[in-house]
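# need the 3D shape of this:
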Amino acid sequence: MAEYEVFIPAPRDRRGKLAWINANHRLHWAVKAQITKDWRTLANAAARAARLPTGLTKAHIVVHVHKTTDRSYDVHNLYGTAKAAIDGLVDYGLLPDDSNAYLTGPDMRHGEKQDQAGITITIKETA
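Just a heads-up that it's a prediction; the model follows:
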């Protein structure tokens, strides 16, 4: 089965800070909604730029989180970030939906330190 990969750079909030959706943050609903929209839009645009396929019937997704520092963090707290990005891939047409019928995962992983923060999504088409 085919495998695809796409990098989605982390957006910045109005203050210029990296905008992650973290389970430990207690953001105002409107702020969280904007960050979610930003991740979703960026994922859709990245899928278009990478020319990912559309219409996959089933896939397994692994998400690697890349930070710009070596500071300790809990990658599973960033599940909301992955969820927003996957919703953007569904908007693009990669899968019909992100329900269990079509998607296994996302499996969250710590990625390598990079100059640009973001997430790498690996999509493995499954039967």
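# contacts for the longest helix along the chain next, please.
The single longest helix within the chain, with elements called by DSSP state H, is helix 29-50. Residues from elsewhere that reach helix 29-50 (CB atoms under 8 Å, 6 or more residues apart in numbering): 4-9, 11, 13, 19-21, 27, 80-81, 84-89, 91-92, 94, 121. Using the backbone N, CA and C atoms, a C-beta is placed for each residue, glycine as well.
# looking at those, which are in strands?
Among those, the members found in strands (DSSP state E) are Tyr4, Glu5, Val6, Phe7, Ile8, Pro9, Ile121.
# for the fifth one, give me its contacts.
When the contact criterion is CB under 8 Å, 6+ apart, the partners of Ile8 are Trp39, Leu42, Ala43, Ala46, Ala85, Gly118, Ile119, Thr120, Ile121.
# beta partners of it?
Per DSSP bridges, the residues bridged to Ile8 are Ile119.
# returning to that earlier point: check which element follows the longest helix of the chain along the chain.
Downstream of helix 29-50, the first helix or strand assigned by DSSP states H and E is strand 59-66.
# tell me the strands beside that following strand, with direction?
Counting by DSSP bridges, strand 59-66 is paired with strand 103-110 (parallel), strand 118-125 (antiparallel).
# tell me the most buried of these?
Among the strands paired with strand 59-66, ranked by average contacts under mean count of other CB atoms under 10 Å, first place goes to strand 118-125 (a mean of 21).
# next one: that one to chain centre, how far?
Mean-position distance between strand 118-125 and its chain equals 8 Å (CA atoms, centre = their mean, to the nearest Å).
# what are the contacting residues of it?
Here strand 118-125 has contacts from 1-10, 43, 52, 56, 58-66, 81-82, 85-86, 89, 94, 106, 111, using CB under 8 Å, 6+ apart.
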